[in-house]
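Asks: Got a predicted structure plus its sequence, pasted below:
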Amino acid sequence: MKNNIRITVQVVPLPQHTNPSESKYVFAYTITINNEGEIGMQLLSRHWVIQDETGYIEEVTGKGVVGEQPHLLPGESFEYTSGSVIKTQTGTMKGEYNMINDAGEHFDVDIPEFVLSEPYTLQ
């Protein structure tokens, strides 16, 4: 497949920045973008849909990720860490990256929905 991008996500709660009395829950997420295709491609922009437990939705769009527009040759990957602040203990994020391949073709890559949540243990 020519434009074959694999996205993986890891979420880490940041309790040192979280303040439940202010309805402020902070999470870091690390995303790895792998080019498993047959052609080089560049990430141009991002679009996020962030939703908390109340149903409140925040949309975020912007150029690149963490100030970069990485170009990935076949077999290369790019990893970055960013963060999100929501008003409830759990929420979700999903979105897409707009990319262009080295043949000049624009395409979107879906970022599968993932959960922002504190880890829970059963006792």
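Replies: Great, that's in hand. What you see is a predicted model; the values in this text were computed from it and never measured.

Asks: Poorly predicted segments of the protein, please.
Replies: Applying pLDDT under 70 to the chain flags residues 1, 120-123.

Asks: Tell me where it has strands.
Replies: Per DSSP state E, the chain carries strands over the ranges 5-13, 25-35, 41-52, 57-63, 71-72, 77-86, 91-101, 106-116.

Asks: Ok, which of these comes nearest residue 19?
Replies: Nearest of the strands of the chain to residue 19, taken as Cβ to Cβ: strand 25-35 at 8.4 Å. No exception for glycine: its C-beta is placed from N, CA and C like everyone else's.

Asks: picking up where we left off before, could I get the strands of the chain as a markdown table with distance to residue 19 and mean neighbour count?
Replies: Below are the strands of the chain laid out as a markdown table (distance: least, Cβ to Cβ, whole Å; neighbours: other Cβ atoms under 10 Å):
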| stretch | distance to residue 19 | mean neighbour count |
| --- | --- | --- |
| strand 5-13 | 13 | 15 |
| strand 25-35 | 8 | 18 |
| strand 41-52 | 15 | 18 |
| strand 57-63 | 18 | 12 |
| strand 71-72 | 37 | 18 |
| strand 77-86 | 10 | 15 |
| strand 91-101 | 16 | 19 |
| strand 106-116 | 16 | 15 |
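
Asks: If anything else comes up later, I'll come back, but that's it for now.
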